[in-house]
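> model the structure of this input:
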Amino acid sequence: MSSTMTNVSETPEARPRSPLYWLRYSITQYTIQWLLLIVVIILSLANTNFRQPANLLSVLLQASFAGIGAAGMTLIIINGAFDLSVAGILGLCGVVLGLVLPSIGIVPSILLALVVGVLLGVVNGLVVTKVRVPAFIATLGMMYIYLAIGFIITNGQVVPVTDASFRSLGTGNLLGLPIPFLIMIVTYVVLYGVLNFTTYGRFIRAVGSNPTASRVAGIPVDNVQIFAFALVGLCTALAGVALTAYLSSAQPNMATGYELRVIAAAVVGGTSLKGGQGTLFGTFTGALFFTVINNALNLFNVGAYWQYVAVGLIIITALGLEALRHRFAPASRG
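Residues are numbered from 1 along each chain as shown. So this is what the prediction gives:
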């Protein structure tokens, strides 16, 4: 019996982890967090304007709009799909909110915008699951439809928003932080609970890892995918509310390129494009990271076109780091 106990105690799982192991684990699992910390320290030393409170608050504010939508996008990518219609959803929800705000008030208008976002997400999910159109193609087509609807109901005009109380949701501060950033934090906390402590949330990850096995196991794959698309619609509508308040206006194309920004934040944050893997904390950090980089490029007067180059390089680097993370995964389990 003593021999058996000795063998068990000497298994790799029972041995103390070396400092080198923990260093490698920390770097591979929290790469974007380390990069963000390093970049912030370097920029704070290199440019005094970066560390000014007003600039830091501006970074948090600008990160919020993409960050809120990126939370929902993370769930759909974990689920094994994409939603390229988010720019159209955001614009249409903002337009609807702006049109009804003068007549029904702030709270009903916001609720209506959120309901519209959920319904549009459900429509996307139904097209993907019932019509069997691949998510990439389906949501790309739906984006143009949502943009067209927005232009039709506004006749191509900008919808002004003059309600000062509503506008404060996008421009005001609470507890010393921008209100959109606080909305972003609440969004991530709620979705973390949904993803980890609800049945459908756990199903999202299972379906993304292996939809065939999930279907065999009795998981309602179609319903799970529709649920994930609905969450994307909800988050995008919430971002639309915040952005409309910040801009004091709404128009269908006010979020051009939004889909690429939210996908980039999720990917840079470690969400696997293959599905099944990803963390909301990573996406939260990814949204901040992109905003810090853009802010730094502006402070150093880097041209707008070169900023696109920087963003592209960051995305490619993130994918390379993801490959390294998977390469080290077997060693980390040992």
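
> residue ranges with poor pLDDT in the protein?
For the chain, the stretches with pLDDT under 70 are 1-29, 318, 321-334.

> for the residue positioned nearest the centre of it, give its distance to Ala239.
Among the residues of the chain, the one closest to the centroid is Ala70, at 1.2 Å (C-alpha atoms, centre = their mean). From Ala70 over to Ala239 the distance is 9 Å, taken as C-beta to C-beta, to the nearest Å. Where you see a C-beta, it was placed from the backbone N, CA and C, and this is true even at glycine.

> circling back: state the distance from the residue nearest to the centre of the chain to Ile77.
Applying C-beta to C-beta to Ala70 and Ile77 gives a distance of 10 Å.

> what residues are shared contacts of these two?
Residues touching both Ala70 and Ile77 (C-beta atoms under 8 Å, 6 or more residues apart in numbering): Ile263, Ala266.

> can you show me the strands along the stretch 51-200 of the chain?
Assigned by DSSP state E, counting those that start in this stretch, the stretch 51-200 of the chain shows strands spanning 159-160, 173-174, 177-178.

> partner strands of the second one, parallel or antiparallel?
Sheet pairing for strand 173-174, assigned by DSSP bridges, gives strand 177-178 (antiparallel).

> for the stretch 1-150 of the chain, just list every one of the helices.
For the stretch 1-150 of the chain, the helices defined by DSSP state H, counting those that start in this stretch cover 2-9, 19-29, 31-46, 53-78, 86-104, 106-129, 135-154.

> what's the third one packed up against?
Here helix 31-46 is seen to pack against helix 280-299, helix 304-333 when contacts are counted using 3 or more C-beta pairs under 8 Å, 6 or more residues apart in numbering; DSSP states H and E.

> one more time with 7 Å, if that's ok
helix 280-299 (3 or more C-beta pairs under 7 Å, 6 or more residues apart in numbering; DSSP states H and E).

> for stretch 73-89, measure first residue to last.
Taking C-alpha to C-alpha, to the nearest Å, stretch 73-89 runs 13 Å from one end to the other.

> follow-up on the earlier one: most tightly packed of the strands of the stretch 51-200 of the chain?
Among those, strand 177-178 has the highest mean neighbour count (mean count of other C-beta atoms under 10 Å), at a mean of 19.

> any idea how far Leu101 is from the residue nearest to the centre of the chain?
In terms of C-beta to C-beta, Ala70 sits 26 Å off from Leu101.

> my read is that Ala245 contacts Phe166, right?
Yes: here Ala245 reaches Phe166: they are 5.6 Å apart, a contact under C-beta atoms under 7 Å.

> more crowded one of the two?
Ala245 (26 against 21; other C-beta atoms under 10 Å).

> how about stretch 193-205, which residues are buried there?
Within stretch 193-205, the residues that count as buried by 16 or more other C-beta atoms under 10 Å are Val194, Leu195, Tyr200, Gly201, Phe203, Ile204, Arg205.

> neighbours around Gly69, how many?
So Gly69, with other C-beta under 10 Å, has 35 neighbours.

> actually Asp83, sorry about that
By other C-beta under 10 Å, 33 other residues sit near Asp83.

> kindly list the main-chain dihedrals of it?
Main-chain torsions, Asp83, degrees, to the nearest 10: phi -130, psi 100.

> against Ile32, how distant is it?
Distance, Asp83 to Ile32, by C-beta to C-beta: 22 Å.

> need the contact list for Cys93.
Neighbour list for Cys93: Ala113, Val116, Gly117, Ala237, Gly240 [criterion: C-beta atoms under 7 Å, 6 or more residues apart in numbering].

> can you redo those residues as a markdown table with distance to Val262 and neighbour count?
As requested, the contacts of Cys93 are exported to a markdown table (distance: C-beta to C-beta, whole Å; neighbours: other C-beta atoms under 10 Å):
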| residue | distance to Val262 | neighbour count |
| --- | --- | --- |
| Ala113 | 18 | 26 |
| Val116 | 18 | 20 |
| Gly117 | 14 | 29 |
| Ala237 | 13 | 32 |
| Gly240 | 12 | 33 |
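
> list just the nearest of the residues you listed to Gln251.
Each of the contacts of Cys93 was scored against Gln251 by C-beta to C-beta, and Gly240 proved nearest at 11.2 Å.

> the closest one: which element?
Using DSSP states H and E, Gly240 sits within helix 221-247.

> and whichever helix or strand comes after that helix, what does it pack against?
Tracing the chain C-terminally past helix 221-247 and defining elements by DSSP H and E, one meets strand 249-250 next. Judged by 3+ C-beta pairs under 7 Å, 6+ apart, the packing partners of strand 249-250 are helix 86-104, strand 159-160.
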